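Engineer: After the sequence you'll find the predicted model.
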Amino acid sequence: MIKSMTGFASVTREHESATVGVTARSVNHRYLDTQLRLPSMMADQETALRGRVQKWVARGRVELAVTVRSTRPAEVDVTLNESLVEALSAAVAGAEQRGLTSGGLGSSDLLRFPHAVIVRDRDTDEVTQASIKQAAAEAVDDALRELDTMRTREGTYLHEDLESKRAAVAALVEKLEAAAESGRAGLIERLTARVEELREQLQVEPSVIAQEVVRFAARSDVNEELTRLRGHLTHWTALSDSGEPCGRKLDFLLQEMNREINTLGAKVEGPDVSELIVGAKAELEKLREQVANVE
């Protein structure tokens, strides 16, 4: 089964004390590359979340973002920096004694001094944090499941397109075989005719000449290349219909098929061969562009 490497999913889950949001986005990449954006309270979950991604995705760049927004009024702790307040009070008292100021140091004055009054957000208790983390993990699983569904759906379209192009290459291989056979027969005919013209001048046994003609013609034999090409095309179908990720293997097969096509172009004789070779290379390039999207 072919899967695309591109997809997107977004999931929101309501917790009794927070709203958890997860977005998962994947694009093409040679290997699996996981990028995480997590709130500070989930920093210790990074390894576990990477493992969750690996269960669903084998190849591609995956960006996974988790947000946690509290739905309860913020709870804070307020503390007084007593040492600073004592120092300020002593300074104000000294200024009053010297007649520099009056009125003393009031509560409103303290609020205007940085660090005199310290306000901190109260940490969520461990039980609530654990519950939120569990809700986030379940939301991540749901998002990855939706991402996989989209990648699978896109993979169905990819499979249909790739199969049509594979069939086009297979048809060109059959035409190349016919062109190769015709070109080889024509080559033997031309060589034989030329040898007949020069027979009296060569002073060589006819059997020796015949052997050389056959040996020369054998250089244009492409049965091995055609057999390997058909084998690659059959292997392609087996890979694309299997349940395993096959993008990198298909890319390797394309390299091998391109090599065989180049060899055919160098060995096959005939007027229509160049057009067939160009057509085959064009179809292989279309396959290569699409395989870049396959997991």
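Structural biologist: Arrived safely.
Engineer: quick one, helices of the protein?
Structural biologist: In the chain, the segments counted as helices under DSSP state H are 46-56, 82-97, 107-112, 126-202, 206-218, 223-241, 247-267, 273-291.
Engineer: Domain ranges for this structure, per the record?
Structural biologist: 7-72+125-153, 76-121, 154-291 (automatic domain parsing).
Engineer: How far off centre is the last one?
Structural biologist: Mean C-alpha position of domain 154-291 versus that of the full chain (CA atoms, centre = their mean, to the nearest Å) differs by 32 Å.
Engineer: Look at that domain and report the distance between its end residues.
Structural biologist: Taking CA to CA, to the nearest Å, the first and last residues of domain 154-291 lie 13 Å apart.
Engineer: Renumber starting at 150 from here on
Structural biologist: I'll keep to 150 as the first residue from here, and by that count the last item is domain 303-440.
Engineer: rewinding a little: how about the helices of the chain in CSV, adding mean neighbour count and mean pLDDT?
Structural biologist: In short, each C-beta sits where N, CA and C put it, glycine included. Converted to CSV, the helices of the chain look like this (neighbours: other CB atoms under 10 Å; pLDDT from 0 to 100):
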stretch, mean neighbour count, mean pLDDT
helix 195-205, 14, 94
helix 231-246, 12, 81
helix 256-261, 10, 76
helix 275-351, 16, 84
helix 355-367, 12, 58
helix 372-390, 16, 93
helix 396-416, 17, 92
helix 422-440, 17, 92
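Engineer: Please identify which of the ones you listed is closest to residue 166.
Structural biologist: Nearest to residue 166 among the helices of the chain is helix 275-351 (5.7 Å), distances taken as CB to CB.
Engineer: Need the helices of the chain in JSON lines (columns: distance to residue 186).
Structural biologist: Putting these into JSON lines (distance: least, CB to CB, whole Å) gives the following:
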{"stretch": "helix 195-205", "distance to residue 186": "10"}
{"stretch": "helix 231-246", "distance to residue 186": "38"}
{"stretch": "helix 256-261", "distance to residue 186": "36"}
{"stretch": "helix 275-351", "distance to residue 186": "12"}
{"stretch": "helix 355-367", "distance to residue 186": "64"}
{"stretch": "helix 372-390", "distance to residue 186": "34"}
{"stretch": "helix 396-416", "distance to residue 186": "26"}
{"stretch": "helix 422-440", "distance to residue 186": "30"}
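Engineer: out of those, nearest to residue 188?
Structural biologist: Once CB to CB is applied to the helices of the chain, the stretch that comes out nearest is helix 275-351, at 8.6 Å.
Engineer: what's that closest one packed up against?
Structural biologist: The helices and strands touching helix 275-351, judged by 3 or more CB pairs under 8 Å, 6 or more residues apart in numbering; DSSP states H and E, are strand 156-163, strand 167-176, helix 195-205, strand 209-219, helix 355-367, helix 372-390, helix 396-416, helix 422-440.
Engineer: So for residue 258, which of these sits nearest?
Structural biologist: Proximity to residue 258 (CB to CB) singles out strand 209-219 among these, at 32.8 Å.
Engineer: Now do that closest one against strand 156-163, angle only.
Structural biologist: Between the axes of strand 209-219 and strand 156-163, defined by axes from the mean of the first three to the mean of the last three CA atoms, to 10 degrees, the angle is 20 degrees.
Engineer: rewinding a little: among the helices of the chain, which comes closest to residue 216?
Structural biologist: The closest approach between residue 216 and any of the helices of the chain, judged by CB to CB, belongs to helix 275-351 at 9.1 Å.
Engineer: Would you mind getting the angle between the closest one and helix 396-416?
Structural biologist: Our comparison of helix 275-351 with helix 396-416, counting by the same axes, to 10 degrees, yields an angle of 10 degrees.
Engineer: where's helix 275-351 relative to the chain centroid, distance-wise?
Structural biologist: On the basis of CA atoms, centre = their mean, helix 275-351 is displaced by 18 Å from the centre of the chain it belongs to.
Engineer: rewinding a little: would you mind saying which of the helices and strands packed on helix 275-351 lies nearest residue 312?
Structural biologist: Nearest of those to residue 312, taken as CB to CB: helix 372-390 at 7.2 Å.
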